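# Got a sequence here, can you build the structure:
(one chain, ligands or ions: 2)
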Amino acid sequence: MSQTFDLVLGVESSCDEMAAAVLRIGRAEGSARAGHEIVSSVVHGQAEVHGPYGGVVPELASRDHVRSVSDVVARALAEAQIVPEQLDGIAVTVGPGLVGSLLVGMSFGKALAYRLGVPLVGVHHLTGHLASVELAEPIERPYIGLLISGGHTALYRIEVGGSAALLGETRDDAVGEAFDKVAKRLGLPYPGGPSLARAAASGRRDAVEFPRPMVNRGGLDFSFSGLKTAVALEIERRGALAESDVADIAASFEAAAVDVLVGRARRALRDEGLRRIAVVGGVAANRHLREELARAGAADGFSVHFPPLDLCTDNAAMIAAAGAVLLARGERHGLALNAFSRAAIDAAPWTEPAGP
Ligand code: KG4
Ligand code: ZN
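Ligands and ions are numbered 1, 2, ... in the order given. Sure thing, here's the model as predicted:
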């Protein structure tokens, strides 16, 4: 436990990004809070692999990971200007995600840790996303964490010790998935979220009054499938879409999705009596969401914190940051570590419950 960790390598491959990053740990205890330095962060995307299919094809994702993993890790080490022997520990994403994809980064991390004789820890992908925001900026805890990505939509209470208690989550689609599917129906290029946001910029947000599912309901769960269906029906109703139709539908959908997220965020802050919220995951890159949450924060008196854009989408710096906390706590994983498609954040199947 007295071991200090100076340089930690993170490896992330839970979906269609292969990422590796070297983090210089700011404090001996390996807190995920600001003070770490991202020495290098390399992300290899697969837009050209999945683009023709309009969505991630799992088998193709893992095959591309096999091709890119050693190069991505080598680039992260080269950009950090270190040799592997200088690493003090390795953190790999264990789940949730596509198992075939996860196994590639994880196996590479295992092999490298074994060769170097350094400790290995498995990291929950969502713990990584939640750690991304404090990499850039310390936030006084407790605060609300809103995690919005392609696979997940959830609200957490981030406790003083850093643990995350689930407050509510989506009952069906993740919000990023809804962005991606609506984009595909509108004929916008993959990846859908950013292209939908671009199309929305020239559309009218009030062109179509789409439903705001669950926004007036109690509790903190989300639902996006009704909204997605309403958009599909509108697209069908209009038939052939002019560019202005695409822009209007995109803008109206984005407005509805953002309203739902802002509404739930406000309720979580109110219910928990907190005045700070951190928003993480790929959809946190959305400009309209950033503006609307800032507006709500100004009205209600809460502060809103986002990671920088390159830490919103999948990356390995966040995995190294979350891994550093586990390494400092003395957690270690062996070569038998497995990958998991699903895993609760507070009861990950590969690890003991978090200590105090
Ligand atoms: O966190 P992430 O990279 O991967 C997951 O863990 O899922 O999130 C990817 C998701 C995708 O659904 C993508 O469409 C969405 O984030 N996304 C966006 C934007 N940029 C990425 N959604 C809306 N607006 C954006 N600007
Ligand atoms: Zn992610």
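
# Now the residue of the stretch 151-300 of the chain found nearest ligand 2: closest residue in space that isn't a chain neighbour?
In the stretch 151-300 of the chain, no residue comes nearer to ligand 2 than Gly281, which is 5.8 Å away by Cβ to the ion. C-beta: built from backbone N, CA, C; applies to glycine. Counting by Cβ to Cβ, 6 or more residues apart in numbering, Gly281 lies nearest to Ser149, which is 3.4 Å off, once chain neighbours are set aside.

# For the stretch 201-350 of the chain, which segments count as helices?
With DSSP state H, counting those that start in this stretch applied, the stretch 201-350 of the chain shows helices at 225-238, 243-272, 287-300, 309-312, 317-328, listed in chain order.

# Let me know which of those helices is tucked in deepest.
helix 317-328 (a mean of 30; mean count of other Cβ atoms under 10 Å).

# do that one and ligand 2 meet?
No - using Cβ under 5 Å from the ion, helix 317-328 never reaches ligand 2; the gap is at least 8.6 Å.

# Return the residues of this structure in contact with ligand 2.
149, 314.

# middle-most residue in the chain, spatially?
The centre of the chain sits closest to Gly281, judged by Cα atoms, centre = their mean, with a distance of 3.1 Å.

# in the stretch 101-250 of the chain, what residue is nearest ligand 2?
Ser149 (4.4 Å).

# distance of the residue nearest to the centre of the chain from Leu146?
8 Å (Cβ to Cβ, to the nearest Å).

# that older thread, doesn't Ala178 make contact with the residue nearest to Gly281?
No - in this structure Ser149 lies outside contact range of Ala178 using Cβ atoms under 8 Å: 11.6 Å.

# Looking at the two, which one has more neighbours?
Ala178 (29 against 24; other Cβ atoms under 10 Å).

# Just the pLDDT at the more buried one, thanks.
We have a pLDDT of 97 for Ala178.

# helix/strand/coil for it?
Here Ala178 is recorded as helix under DSSP: H, G, I helix; E, B strand; the rest coil.

# Contacts only, for it.
224-225, 227-228, 253, 257 (Cβ atoms under 8 Å, 6 or more residues apart in numbering).

# need these in TSV with distance to ligand 1 and pLDDT, can you?
Below are these laid out as TSV (distance: Cβ to the nearest ligand atom, whole Å; pLDDT from 0 to 100):
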residue	distance to ligand 1	pLDDT
Phe224	11	96
Ser225	15	93
Leu227	14	96
Lys228	13	95
Phe253	11	98
Ala257	8	98
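
# ok, which pair from these is furthest apart?
Across these, no pair lies farther apart than Ser225 and Phe253, at 13.2 Å, counting by Cβ to Cβ.

# got the residues of this structure near ligand 1?
15, 149-151, 176-177, 179-180, 191-194, 197, 281-283, 285-286, 313-314 (Cβ under 6 Å from any ligand atom).

# mind listing the strands in this structure by residue range?
7-12, 18-24, 37-44, 89-95, 120-124, 143-148, 153-158, 164-169, 276-280, 303-305 (DSSP state E).

# To Ser202, which of those lies closest?
strand 143-148 (23.6 Å).

# Tell me which other helices or strands that closest one touches.
helix 125-136, strand 153-158, helix 243-272, strand 276-280 (3 or more Cβ pairs under 8 Å, 6 or more residues apart in numbering; DSSP states H and E).

# Quick one: closest of the ones you listed to Val57.
Of all the helices and strands packed on strand 143-148, helix 125-136 comes closest under Cβ to Cβ, at 19.5 Å.

# picking that back up, mind putting the helices and strands packed on strand 143-148 into JSON lines with distance to Leu233?
Output for the helices and strands packed on strand 143-148, formatted as JSON lines (distance: least, Cβ to Cβ, whole Å):
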{"stretch": "helix 125-136", "distance to Leu233": "32"}
{"stretch": "strand 153-158", "distance to Leu233": "22"}
{"stretch": "helix 243-272", "distance to Leu233": "11"}
{"stretch": "strand 276-280", "distance to Leu233": "30"}
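
# that older thread, turn the helices of the stretch 201-350 of the chain into TSV, including distance to Asp346.
As requested, those are exported to TSV (distance: least, Cβ to Cβ, whole Å):
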stretch	distance to Asp346
helix 225-238	26
helix 243-272	16
helix 287-300	25
helix 309-312	23
helix 317-328	14
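
# Of these, which is nearest Gly105?
Closest among the helices of the stretch 201-350 of the chain, once you apply Cβ to Cβ, is helix 317-328, at 9.0 Å.

# and that closest one, how far out from the chain's middle?
15 Å (Cα atoms, centre = their mean, to the nearest Å).

# Could you give the average pLDDT over that helix?
95.
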